[in-house]
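*Asks:* Provided below for reference: sequence and predicted model.
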Number of protein chains: 2
Amino acid sequence: MTVANSISTKAPLSPEDLQKIDAYWRAANYLSVGQIYLRDNPLLKEPLKLEHVKPRLLGHWGTTPGLNFIYAHVNRLIKRYDLNAIYVAGPGHGGPGMVANTYLEGTYSEFYSNITQDEEGMQKLFLQFSYPGGIPSHAAPETPGSIHEGGELGYALVHAYGAVFDNPDLFVCAVVGDGEAETGPLAASWHSNKFINPVRDGVVLPILHLNGYKIANPTVLARLDDRELEHLFIGYGYKPYFVEGSDPATMHQLMAETLDTIVTEIQGIQREARTHGFTDRPQYPMIVMRTPKGWTGPKVVDGVQIENTFRAHQVPLSELASKPEHIQMLESWMKGYKPEELFDQTGKLIPELAELAPVGDQRMGANPHANGGLLIKDLRLPDFNDYAIDIKDPGTVAAESTRVLGMFLRDVMNLNAEQRNFRVLSPDENNSNRLTPILEATDRVWAAEILPGDDHLSRDGRVMEVLSEHLCQGWLEGYLLTGRHGFFSCYEAFIHIVDSMFNQHAKWLEACRHIPWRKPIASLNYLLTSHVWRQDHNGFTHQDPGFLDVVINKKATIVRIYLPPDANTLLSVADHCLRSRHYVNVIVAGKQPELQWLDMDAAVKHCTAGLGIWGWASNDQACEPDVVMACAGDVPTLETLAAVDFLRLHFPDLKIRVVNVVDLMTLQPQTEHPHGISDREFDSIFTTDKPIIFAFHGYPYLIHRLTYRRTNHDNLHVRGYKEEGTTTTPFDMVVLNDLDRFHLAQDVIDRVPQLKHRAAYVKQMIRDKLIDHQHYIIEHGEDMPEVEDWKWQYYSGSNAEKSQP
Amino acid sequence: MTVANSISTKAPLSPEDLQKIDAYWRAANYLSVGQIYLRDNPLLKEPLKLEHVKPRLLGHWGTTPGLNFIYAHVNRLIKRYDLNAIYVAGPGHGGPGMVANTYLEGTYSEFYSNITQDEEGMQKLFLQFSYPGGIPSHAAPETPGSIHEGGELGYALVHAYGAVFDNPDLFVCAVVGDGEAETGPLAASWHSNKFINPVRDGVVLPILHLNGYKIANPTVLARLDDRELEHLFIGYGYKPYFVEGSDPATMHQLMAETLDTIVTEIQGIQREARTHGFTDRPQYPMIVMRTPKGWTGPKVVDGVQIENTFRAHQVPLSELASKPEHIQMLESWMKGYKPEELFDQTGKLIPELAELAPVGDQRMGANPHANGGLLIKDLRLPDFNDYAIDIKDPGTVAAESTRVLGMFLRDVMNLNAEQRNFRVLSPDENNSNRLTPILEATDRVWAAEILPGDDHLSRDGRVMEVLSEHLCQGWLEGYLLTGRHGFFSCYEAFIHIVDSMFNQHAKWLEACRHIPWRKPIASLNYLLTSHVWRQDHNGFTHQDPGFLDVVINKKATIVRIYLPPDANTLLSVADHCLRSRHYVNVIVAGKQPELQWLDMDAAVKHCTAGLGIWGWASNDQACEPDVVMACAGDVPTLETLAAVDFLRLHFPDLKIRVVNVVDLMTLQPQTEHPHGISDREFDSIFTTDKPIIFAFHGYPYLIHRLTYRRTNHDNLHVRGYKEEGTTTTPFDMVVLNDLDRFHLAQDVIDRVPQLKHRAAYVKQMIRDKLIDHQHYIIEHGEDMPEVEDWKWQYYSGSNAEKSQP
Ligand SMILES: Cc1ncc(C[n+]2csc(CCOP(=O)(O)OP(=O)(O)O)c2C)c(N)n1
Ligand SMILES: Cc1ncc(C[n+]2csc(CCOP(=O)(O)OP(=O)(O)O)c2C)c(N)n1
Ligand SMILES: [Mg+2]
Ligand SMILES: [Mg+2]
């Protein structure tokens, strides 16, 4: 491991090339400043006046010149080496730079025909930025070439890596803010290189944008010396190149030389691996670019240093209305870029500079990889019916539902092996989550050392396991955004680790829906398992079903939540999710052996409707029910049916209707969610006046939140997780939360008027059962046989005669 | 920077010491295995039979011997160097080891008198582990000496650093799982050393527990060679020592020698800094301990390698019921530790070994730092009344509420400077959040290079800024858990980054409430600002008020949410939060200049009640209201009052009651939350049948969720954030979400029957106003003057005559 501590001695740019690339950079800087400040007089043909300036100055200058500098140099690389490249701007608040560059290269005007490459277009370009009715201030979905908004910092590198998996020709320039580098997700992301196979994957070039500062502080990395930084990045598996300085001419030469070296090195790595096979993990080049924050901007304002301090972060000159000299400073700042040398009289970039940009789809703003919906291919899916569990009678056989799903996913993996567009991700839980069968079709990918005893670990695996929910989420996002498909399985409680990443992705998807040129991408599919009710090994810390509450805050156009109660419904739901586009699908399903309820035909119908009466479990066919027992989630479904069993035994004349909900969104009014069933349908299923006992997988409030507008809401009584739990038996978990069969039965007794008076003995029996349970588990350490071995007894269908107890 | 790549040559342990420390380790291992497996026959006095074994085997063996090894050696250090030490077990799933060690040192029996140091106690110790009615499987709050449960991985190091801030004598041994090290928060935590001042802070000794595997995979760091690891940790600012091997005798010598070297080095660092002042950041020692996963456990089971593979993670022998030979293997595994040499006939650890443990509070299980409530001192607080904004008439003066809070916090900082028990944390947003005044009392702490132009940056600062919400949260948790106080300010949207950490901390607090010997600690106080309604610079990605929905899922005993509408209420709330114990307090308040409503007297009363009618804004004093206009949050309060203004102008006879909610928990039924007001009170404030238009800061559903059981819920109509937004004007943000004064007025018109017929003209006026708004902002880029300059006009109190329009 050696390090190239580049101090340029060569000068790869001819004087003319140097002058040109610098002019191109100046043009981008000029357009960036224009966007932040101006509403008029874009070419500064007139002396600058207050009325040319926007009333509210909103944007971030500090990071922008650095982003522009890199963009210009990557343009040069693309042309010189015929690269297929995209640009990820970690400091996405440098949005003006991304917009400026895509405008210069012509893509912006192609996507937004109104923003023409002339004075009028430039004026509109300036005005619209961070302006009502205009465009966001970040590298948002509206920005051509962006797959990364960079609003919430930390995901630049992980998105970049997600993009290059299975894109062998792709080169992603990932600019990481030195502030951003302090975040956890970013700090973990460097190790993504342990998952890159240079034969089949593309390459990420990380550029640490060491401009020294974040909003109001220096950054940690900027205050390490180069020796320590060098160690750090070598430790992360990179070969760091240092590009440091502030003199533009020197910096252009140094950057060009460094990038030339790096591309050659990358090509060498790829050639070697693609010719001789991938054996030893290479040391990938990366760049530490140390330049001043707010480079080329005002040096000192009102006696205070701005350039190369944190004060350059947002708007360096901001009191234009009260300080006329600030207007002059702004004017000379902008004129310092010599716009007259860059744009012709009509406001168009002069041809000598325009030709510096790549052409066609090689322009980073036009690269289809950054608009993944253009490239997406449907997954080839096996017929999920082929994986069905054979169900003769409901509630009599047990299966691990997620293992069944694993077999389906195994064959999805097989069928798309050639397309190379499907990956499965998990934070070291693939097998724990019973998706083990997938490993029959592929391995886990691993680019670091592999030892003889390793289990399904190889250079070519398509299962990605790393103990970081952030990396799983971020890689998957990058993979999906560039037009591929994926599936993420996670312990339910720990998916909260990526709440904020989910939020940002959902917002991205929603924004794209309003941008005609952005094409829909594959849905982000979660399997949440090892869920709250089965934490036998782990207890309280592993019990949190609240991700659903986070998800449901996002737009109904984007989010879907499914709680399949058994393997066949899980298969049907998973098939549906893998086919869907542009959603976030959350599937919650257990991994433990559980009773199975529906044969595949019934499962498909049930999942298609999203919720329905389970006739075979109900006995109100010929009449009004006395009570509706609703359930959502596998464990609540089991407990509900066991409660029904208990109630029918003790109150044979009690008319019970059992309703199961797979698609949680059906509960909401149609006005709130497209899956919502009509009020009429809701009333017909849940009645308008009978008690509803709802056993829910998650926090009970969620059901109230979804249904508070429904007619019969006042009679709705929900049981769910109420933060009671520890390492105890599975049945004790539901008992602790009043979600068990006995409590549910008691809820019914308490709410059905006709039972009130004659139920005293049964209520006492329930009380005693719960005490028995308590004693039994402490004595035996496991659940009572009558609980553990309980099966459904009221056979359906052809066995109708058995259908009474 | 040099590296000690320790290959032991010396042998610091005498043969006897070696034999003893190994015996102590064996005792801990024996007790750990016993906890995982046995319900009886604890000393293996009888031949082991199936009936001695627990029916469900739940626990994690793999990490445990390594944790035990380290524990034994830290005991030696404590005694030898008279250290004040605690132990943070990153792989908290190694709970059996933590329990075993605290049992061996005697603390366990002191906390749990039932678990005696004899055969009977040992049997109970074994049985209770991961058993119904027993103890959790992790290093939970129930575990003496623990400040870190280690259920959700990633926070070992950040908790450890939080503990040593301002604890100059504390030594925290922080064991980091090599799987855990892949997580984002952990990867970022290494840089915590840039925030340590060796003069006033203690020291963290990170031990990377490189046992090679996580649940089912190798770990990334384990598959780097030592050279690369060495670079990595030097890059992180450490001096790595390698302790590698599997032969116990060699390993004991190596570990003892390495730890001796390290303690000397640490003492040197501290002595130097404490004598000559802290100038240059030292290279802190850390250990890479490479040992087999499941060390000393079964090597091969059923022909499959277990030790030193991922298969050792949980329970190596698990089919005891079906495979009698497994019982024999278990027996010989346990007997291999030679219990008869470790425990006497009564089951007590023999004195020669017992004396290896430190005594009294120096035992890590008894160290009061791990039970912070024992050490906590009240904060000295200035009188918050002294910071009051002078309010003559409500809604006429503007102030930045959080800046006012900043002045209060500045003096809190001053008053506790001597106690050294208060820190303020923020992800680089302290000034952005207008808490700038705090920097008049203290600096930001910075242990890396400081340059002349730096702003309020010093070795001794008590404001902690790092661009990582994870580090802010984790440091604060560690600081609070060891008995100190803190305040965390954060952009509202990005607090979601620590959703899962909040969850875990809330669970920890809740669990402690049921453990008599755990004393209450200071509350974790959040200020969420730069909130959803004022993202002028940033837009959609920065708009998410959903943290409240996450918080409210946790136990009512723990969580509190406040939405003070102005500076004086904010002061009152903040004072209350800083005095409180054992809660998580969430305060949401804006940082922009906003109209102020209540004088301090009114503010205190309002905050004490939590919600109340604002009489001065209402005109239903003498009669029933026609409508209740409720609000929670600063921007919604402003819009509500502006709507009231509009309505009273146009419908002077309309009787409006204005209700403001500061303490969100008051809305819940008393049965759900201790702050909940009674139904009677709720009915009297919100009426039982009048329309309620509720303008809410967050997602509207939350209000429904809190109030669905209240009488008048059916007439409740809530406006809040509905995921509409971009970079636009502040008023446009509320318009986009129907939360503006005009929509609110329209909501009233649509719901008050008497207005239905005569309101057509006013409704049209509203429509036109909204169109005017639209045009105006596009034309001018800022809000209409009538909106921006609006003030409240109906003067209250002494100016009663002005109280009609
Ligand atoms: C997770 C997160 N926390 C806080 C912020 C607020 N914020 C916006 S920009 C910024 C500083 C970024 O510094 P750096 O990454 O160095 O970018 P640059 O210097 O290039 O602007 C911060 C803290 C954020 N956007 N995301
Ligand atoms: C954030 C998080 N993700 C996933 C898990 C599930 N999990 C429990 S233990 C474990 C492996 C831990 O490996 P390591 O840190 O190496 O610990 P050790 O090898 O010492 O057991 C995982 C992934 C978890 N506890 N926390
Ligand atoms: Mg920076
Ligand atoms: Mg490990």
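*Replies:* Cool, got the structure. Ligands and ions are numbered 1, 2, ... in the order given.
*Asks:* give me the number of residues near A:Gly720?
*Replies:* 22 (other Cβ atoms under 10 Å in any protein chain shown). C-betas here are computed from N, CA, C, even on glycine.
*Asks:* can you tell me which residues contact the residue of chain A found nearest ligand 1?
*Replies:* Closest to ligand 1 within chain A is A:Gly177: 2.1 Å, counting by Cβ to the nearest ligand atom. Neighbouring residues of A:Gly177 by Cβ atoms under 8 Å, 6 or more residues apart in numbering or on different chains: A:Thr63, A:Gly90, A:Pro91, A:Leu153, A:Ala156, A:His209, A:Asn211, A:Lys214.
*Asks:* change it to 7 Å
*Replies:* A:Thr63, A:Gly90, A:Pro91, A:Leu153, A:His209 (Cβ atoms under 7 Å, 6 or more residues apart in numbering or on different chains).
*Asks:* farthest pair in those?
*Replies:* Among the contacts of A:Gly177, the pair separated by the greatest distance (Cβ to Cβ) is A:Leu153 and A:His209, at 11.7 Å.
*Asks:* Comparing the two, which residue is more hemmed in?
*Replies:* Under the neighbour definition other Cβ under 10 Å, A:Leu153 and A:His209 were set side by side, and A:His209 has more, 30 against 27.
*Asks:* distance of the residue of chain A closest to ligand 1 from ligand 4?
*Replies:* According to Cβ to the ion, to the nearest Å, A:Gly177 stands 31 Å off from ligand 4.
*Asks:* In strands, which of the contacts of A:Gly177 appear?
*Replies:* Members of those lying in strands (criterion: DSSP state E): A:His209.
*Asks:* CSV for the contacts of A:Gly177, including pLDDT and distance to ligand 1?
*Replies:* Shown next, in CSV, are the contacts of A:Gly177 (pLDDT from 0 to 100; distance: Cβ to the nearest ligand atom, whole Å):
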residue, pLDDT, distance to ligand 1
A:Thr63, 98, 3
A:Gly90, 98, 6
A:Pro91, 98, 4
A:Leu153, 98, 4
A:His209, 98, 5
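*Asks:* ok, the closest residue to the residue of chain A closest to ligand 1 other than its chain neighbours - how many residues close by?
*Replies:* Closest residue in space to A:Gly177, ignoring its immediate chain neighbours: A:Pro91 at 4.0 Å, by Cβ to Cβ, 6 or more residues apart in numbering or on different chains. The number of residues packed near A:Pro91 is 28, by other Cβ under 10 Å.
*Asks:* Quick check: A:Pro91 touching A:Glu152?
*Replies:* No: with contacts counted by Cβ atoms under 7 Å, A:Pro91 stays clear of A:Glu152, the gap being 11.8 Å.
*Asks:* Got phi/psi on the residue of the stretch 1-150 of chain A found nearest ligand 3?
*Replies:* For the stretch 1-150 of chain A and ligand 3, the shortest gap (Cβ to the ion) falls at A:Thr63, measuring 6.4 Å. A:Thr63 adopts backbone torsions of phi -80, psi -20, taken as degrees, to the nearest 10.
*Asks:* quick one, what contacts it?
*Replies:* A:Pro91, A:His93, A:Gly94, A:Gly177, A:His209, A:Asn211.
*Asks:* Show me which of those is closest to ligand 4.
*Replies:* A:Gly177 (31.5 Å).
*Asks:* Look up phi and psi at the residue of chain A closest to ligand 1.
*Replies:* Dihedral angles of A:Gly177 (phi, psi; degrees, to the nearest 10) stand at phi -70, psi 150.
*Asks:* give the contact list for the nearest residue to A:Thr436 once chain neighbours are set aside.
*Replies:* Closest residue to A:Thr436 apart from its sequence neighbours, by Cβ to Cβ, 6+ apart: A:Gly406 at 5.9 Å. Shown in contact with A:Gly406 (Cβ under 7 Å, 6+ apart): A:Arg434, A:Leu435, A:Thr436, A:Pro437, A:Ile438.
*Asks:* Tell me the one among the residues you listed nearest to A:Ala357.
*Replies:* A:Ile438 (43.4 Å).
*Asks:* show me the contacts for the closest one.
*Replies:* By Cβ under 7 Å, 6+ apart, the residues touching A:Ile438 are A:Gly406, A:Leu409, A:Arg410, A:Met413, A:Val424, A:Asn430, A:Val463.
*Asks:* Most neighbours of all these, which one?
*Replies:* A:Val424 leads these on contacts (other Cβ under 10 Å) with 30 neighbours.
*Asks:* Return the helix or strand hosting that one as CSV; C-alpha atoms alone will do.
*Replies:* A:Val424 is part of strand A:422-426, with elements assigned from DSSP states H and E. Extracted C-alpha coordinates of strand A:422-426, given in CSV (Å, rounded to 0.1, in the frame of the first residue of the first chain):
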residue,chain,number,x,y,z
PHE,A,422,-32.1,-7.7,-8.6
ARG,A,423,-30.4,-7.7,-5.2
VAL,A,424,-31.5,-8.6,-1.7
LEU,A,425,-30.2,-6.7,1.3
SER,A,426,-30.1,-7.3,5.0
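*Asks:* other SSEs contacting that strand?
*Replies:* When contacts are defined as 3 or more Cβ pairs under 7 Å, 6 or more residues apart in numbering or on different chains; DSSP states H and E, strand A:422-426 sits against helix A:401-415, strand A:463-465, helix A:469-481, strand A:485-491.
*Asks:* highest average neighbour count across the ones you listed?
*Replies:* Comparing the helices and strands packed on strand A:422-426 by mean neighbour count (mean count of other Cβ atoms under 10 Å in any protein chain shown), helix A:469-481 ranks first with a mean of 29.
*Asks:* is any part of it close to ligand 1?
*Replies:* No: if you take Cβ under 6 Å from any ligand atom as the test, helix A:469-481 misses ligand 1, and the best it gets is 11.7 Å.
*Asks:* how big is the angle separating that helix from helix B:469-481?
*Replies:* With axes from the mean of the first three to the mean of the last three Cα atoms, to 10 degrees defining the directions, helix A:469-481 sits at 160 degrees from helix B:469-481.
*Asks:* and helix A:469-481 with strand A:485-491, angle?
*Replies:* 160 degrees.
*Asks:* Render the CA-only coordinates of helix A:469-481 in PDB, please.
*Replies:* Taking Å, rounded to 0.1, in the frame of the first residue of the first chain, the C-alpha atoms of helix A:469-481 are listed here in PDB:
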ATOM      1  CA  GLU A 469     -29.300  -0.600   8.200                       C
ATOM      2  CA  HIS A 470     -28.100   2.700   6.800                       C
ATOM      3  CA  LEU A 471     -25.900   1.000   4.200                       C
ATOM      4  CA  CYS A 472     -28.600  -1.500   3.300                       C
ATOM      5  CA  GLN A 473     -31.100   1.300   2.800                       C
ATOM      6  CA  GLY A 474     -28.700   3.600   1.000                       C
ATOM      7  CA  TRP A 475     -27.300   1.000  -1.400                       C
ATOM      8  CA  LEU A 476     -30.800  -0.100  -2.200                       C
ATOM      9  CA  GLU A 477     -31.900   3.500  -2.900                       C
ATOM     10  CA  GLY A 478     -29.000   4.000  -5.200                       C
ATOM     11  CA  TYR A 479     -29.700   0.700  -6.900                       C
ATOM     12  CA  LEU A 480     -33.400   1.500  -7.400                       C
ATOM     13  CA  LEU A 481     -32.800   5.100  -8.500                       C
END
